[in-house]
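A.B. asks: sharing a model prediction with you, sequence too.
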Amino acid sequence: MEKHERDNHTSPTEFLLLGMGDMPTLQIPLFLLLLIIYLVTVVGNILIVVLVVLEQHLHTPMYTFLGTLSSLETWYSSTTLPRLLASFLTGDRAISVHGCMAQFYFFSSFVATECYLLGAMSYDQYLAICQPLLYVRRMTWKVCLQLVAASWLVGVFVSATVTAFLSQINFCGPKTIDHFFCDFTPLLELSCSDTSVVTLVSFIVCFLSIIFPFLSTLVSYVCIVATILRIPSSVSRKKAFSTCSSHLIVVTIFYVTLFIVYLLPTTAPLRQLNKVFSFFYTVLTPLVNPLIYSLRNR
């Protein structure tokens, strides 16, 4: 009994990621499916980056944002999928505490960066549709690169802040994480210390890195839709809408799944549903982004 209590109050050196559940008969099919998804995601996004870099006529702010997004999606999917693939292949679900913190840091950094990058892309769409005569003067190369750099810097800063506070709390008791990657809420559930400070910090950071860029994106698209509806010609309206439709689809998929994951109550019956939506926005979103932009763009 004493040994059990002592173990419960000893910080673990590693965690056990439960992944998608105990499904031994589906290990190989899931591994093959995820491997195909990962390869298609990486190849598709890298191809877009290469095309944007090599093709001179694609050296515009819009395609610079797209190339940056594709590069980000490659790194984004690489924070979770390789580790998940390895666990399916070897059966080893253990991850060190430092490795878990590193995975959380990079994952949250890429999520925050993508939120701001999607916001910058919506601003680009707003200028192109709502203020076309001022587009060239306002969306210069300098402004474009500043928006891209700011997106990355904000992502790095807010993720480092949350990770620093998260790494200071004590973990004890069960060392199993009922998830397929090291996310904030599953990690917080393993803590045996006061988490009020890190919860407050994460709330502030979530507002700055997710809610704020979401609201700016929403405002941009309200203005875009209002402008499109005022166009008298139906052909011109269709052309204007097709300009921003790809980005609008990507934004909708990303934010809908993101909000569902983090607004769902963390109760046992909803835990598996939470993992399904987490799988969607962490694995499938980077996969469909290059497909959506490729299918909607000559």
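C.D. replies: Nice, I can see it.

A.B. asks: give the other helices and strands that the host helix or strand of Phe104 contacts.
C.D. replies: Phe104 belongs to helix 97-130 when assigned by DSSP states H and E. Of the remaining helices and strands, those touching helix 97-130 by 3 or more CB pairs under 8 Å, 6 or more residues apart in numbering; DSSP states H and E are strand 14-17, helix 61-78, helix 135-138, helix 141-166, helix 184-188, helix 212-229, helix 234-263. Quick note: C-beta positions are derived from backbone N, CA and C, even for glycine.

A.B. asks: format those as CSV; extra columns: distance to Ala86 and mean pLDDT.
C.D. replies: Shown next, in CSV, are the helices and strands packed on helix 97-130 (distance: least, CB to CB, whole Å; pLDDT from 0 to 100):
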stretch, distance to Ala86, mean pLDDT
strand 14-17, 11, 85
helix 61-78, 12, 91
helix 135-138, 46, 90
helix 141-166, 22, 93
helix 184-188, 19, 85
helix 212-229, 33, 92
helix 234-263, 23, 83
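
A.B. asks: mean neighbour count, the ones you listed: which tops it?
C.D. replies: helix 61-78 (a mean of 22; mean count of other CB atoms under 10 Å).

A.B. asks: please save the CA atoms from that one in CSV.
C.D. replies: What follows is helix 61-78, C-alpha atoms only, in CSV (Å, rounded to 0.1, in the frame of the first residue of the first chain):
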residue,chain,number,x,y,z
PRO,A,61,1.5,37.2,-52.2
MET,A,62,-1.5,34.8,-52.6
TYR,A,63,0.7,31.8,-53.6
THR,A,64,3.4,32.8,-51.1
PHE,A,65,0.7,32.3,-48.4
LEU,A,66,-0.3,29.0,-50.0
GLY,A,67,3.2,27.8,-50.1
THR,A,68,3.8,28.7,-46.5
LEU,A,69,0.5,26.9,-45.5
SER,A,70,1.6,23.8,-47.4
SER,A,71,5.0,23.9,-45.7
LEU,A,72,3.3,24.3,-42.3
GLU,A,73,0.9,21.4,-43.0
THR,A,74,3.9,19.1,-43.7
TRP,A,75,5.5,19.9,-40.3
TYR,A,76,2.1,19.9,-38.6
SER,A,77,1.2,16.3,-39.7
SER,A,78,4.8,15.2,-38.9
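
A.B. asks: which of the helices and strands packed on helix 97-130 sits closest to Val205?
C.D. replies: helix 141-166 (4.7 Å; CB to CB).
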